[in-house]
Structure formats: C-alpha cells, structure tokens
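Asks: Sequence and predicted structure below; questions after.
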Amino acid sequence: MDILNLLQLTVLSISENEHDILIQVETNTPTYSLPSLWVRYEPLQAE
C-alpha cells in the first residue's frame, strides 16, 4: 500500500504506536550531491 502516493518514493514499512506513525521510505531515483565549495572568509578591517 502506498500511503504517501509519491512516485519517487517506495514505502518500506509503516508502524505506529500510541503517539506516532513512522513511515520508512527509500528513493527510486539516484541521489546527487554537489562538490564541497570552500569559501574564504576574511573579516572587514577597520580603516
């Protein structure tokens, strides 16, 4: 049963207790990450 009805996710399991509902999912599409960008920070110098 696909309770979320989202095409890019597959529901792995659904569990619930008195206060919570836990839905575990996985993506159907590859995930991407961007390379780290290093930014040099220099505080402004008082003139």
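Replies: The structure has been received and is ready for your questions.
Asks: What ranges does the chain have for its strands?
Replies: Per DSSP state E, the chain carries strands over the ranges 9-16, 21-27.
Asks: With mean pLDDT, distance to Ile3 and mean neighbour count added, can I get those in CSV?
Replies: (Glycine included, C-beta is placed from N, CA and C.) Below are these laid out as CSV (pLDDT from 0 to 100; distance: least, Cβ to Cβ, whole Å; neighbours: other Cβ atoms under 10 Å):
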stretch, mean pLDDT, distance to Ile3, mean neighbour count
strand 9-16, 89, 6, 11
strand 21-27, 88, 7, 11
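Asks: Quick one, which of the ones you listed gets closest to Gln45.
Replies: Gln45 lies closest to strand 21-27 among these, at 46.8 Å (Cβ to Cβ).
Asks: the inter-axis angle of the closest one versus strand 9-16?
Replies: 160 degrees (axes from the mean of the first three to the mean of the last three Cα atoms, to 10 degrees).
Asks: What strands flank strand 21-27, and is each parallel or antiparallel?
Replies: Its sheet considered, strand 21-27 pairs with strand 9-16 (antiparallel) by DSSP bridges.
Asks: Residues touching the strand it pairs with, excluding its own?
Replies: Contacts to strand 9-16, defined as Cβ atoms under 8 Å, 6 or more residues apart in numbering, come from residues Met1, Asp2, Ile3, Leu4, Ile21, Leu22, Ile23, Gln24, Val25, Glu26, Thr27, Asn28.
Asks: let's see 7 Å
Replies: Strand 9-16 is contacted from outside by Asp2, Ile3, Leu4, Leu22, Ile23, Gln24, Val25, Glu26, Thr27, Asn28, using Cβ atoms under 7 Å, 6 or more residues apart in numbering.
Asks: Including distance to Leu44, could the strands of the chain go into JSON lines?
Replies: Putting those into JSON lines (distance: least, Cβ to Cβ, whole Å) gives the following:
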{"stretch": "strand 9-16", "distance to Leu44": "46"}
{"stretch": "strand 21-27", "distance to Leu44": "43"}
